[in-house]
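**Q** Give me coordinates for this.
(one chain, ligands or ions: 1)
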Amino acid sequence: MKNHLLSTLLLGAVLSGTAIADEAAMNDLEIAHTAYTAGQLDIRYAHLALALSEDDAVREFASLMIRDHTAVNAEAGALIEELNVTPQDNDLSQVLVKGAAEKRAEFVELSGKAFDCAYAQNELGYHQVVNQTVGEKFIHWATVPQLKSLLEDALVTFKAHEAHAEQMVADLACAS
Ligand SMILES: [Fe+2]
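**A** Predicted coordinates for the structure are as follows:
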């Protein structure tokens, strides 16, 4: 229930940010910052899962998140270096950071199946929100071709994560 609430809140924050941003879309440096931040947060969630979960499927998913998001963020870092620019912190990055800190505080109190379900459901909601934002907003707003292309490639990976998270939630048969 709480997971759904957070997803809804995050989505609301993303959408309200979007309503403002429809008049003035986020710039490339803000998009880069937010995409990078979202990846780093998923990596932090994954480290928590590896520390707290004993479920093989959950641990495998967490390892995949660390591997894939580390790779995408390394590419983003290389692009940032190549362009010699500094990503800009922004409201959406802040919302993601704050939401994830609150989630982690909840998660460390959990163990066993309660943790696995909370983590899995959050991963599903998180990827849904991030993927919607990347797919419907960031890719269209990005003006630097290399950034647009990086986001397009990353979205393919992130959509696979979303599908994988959906399967993980189903397999865990968590009470909703
Ligand atoms: Fe992911």
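**Q** Residues of this structure that sit close to the ion?
**A** By Cβ under 5 Å from the ion, the residues of the chain that approach the ion are Asp42, Met65, His161. The C-beta positions use only the backbone N, C-alpha and C, and glycine is treated the same way.
**Q** Run a quick neighbour tally on the last one.
**A** His161 has 21 neighbouring residues, counting by other Cβ atoms under 10 Å.
**Q** Check which helices and strands the helix or strand containing Ala120 sits against.
**A** Using DSSP states H and E, Ala120 falls within helix 112-133. Packed against helix 112-133 by the contact rule (3 or more Cβ pairs under 8 Å, 6 or more residues apart in numbering; DSSP states H and E) you find helix 2-21, helix 28-52, helix 56-83, helix 91-107, helix 145-172.
**Q** Now Leu147: closest residue in space, sequence neighbours ignored.
**A** Spatial nearest neighbour of Leu147, chain neighbours left out: Asp28 (5.5 Å); criterion: Cβ to Cβ, 6 or more residues apart in numbering.
**Q** count of residues packed around that neighbour?
**A** Neighbour tally, Asp28, other Cβ under 10 Å: 20.
**Q** ok, it to Gln121 distance?
**A** 32 Å (Cβ to Cβ, to the nearest Å).
**Q** Ala114 too?
**A** Distance from Ala114 to Gln121, by Cβ to Cβ: 11 Å.
**Q** show me what contacts the residue of the chain found nearest the ion?
**A** Here the chain gets closest to the ion at one residue, His161, 3.6 Å apart by Cβ to the ion. His161 makes contact with Leu64, Met65, Asp68, Glu123, His127, according to Cβ atoms under 8 Å, 6 or more residues apart in numbering.
**Q** Give me the pLDDT value at it.
**A** With respect to pLDDT, His161 has a value of 98.
**Q** Distance check, Ala163 against Lys137.
**A** Distance of Ala163 to Lys137, given as Cβ to Cβ: 21 Å.
**Q** So which of these two has more stuff around it?
**A** Lys137 (21 against 12).
**Q** Contacts only, for the closest residue to Glu75 other than its chain neighbours.
**A** In space, and not counting its chain neighbours, Glu75 is closest to Leu150: 5.9 Å by Cβ to Cβ, 6+ apart. Contact analysis of Leu150 by Cβ under 8 Å, 6+ apart lists Val72, Glu75, Ala76, Leu79.
**Q** can you check His47 too?
**A** Going by Cβ under 8 Å, 6+ apart, the list of residues near His47 reads Ala62, Ile66.
**Q** Repeat that for the one 5 residues further on.
**A** Counting by Cβ under 8 Å, 6+ apart, Leu52 makes contact with Phe107, Val108, Leu110, Ser111, Phe115, Tyr119.
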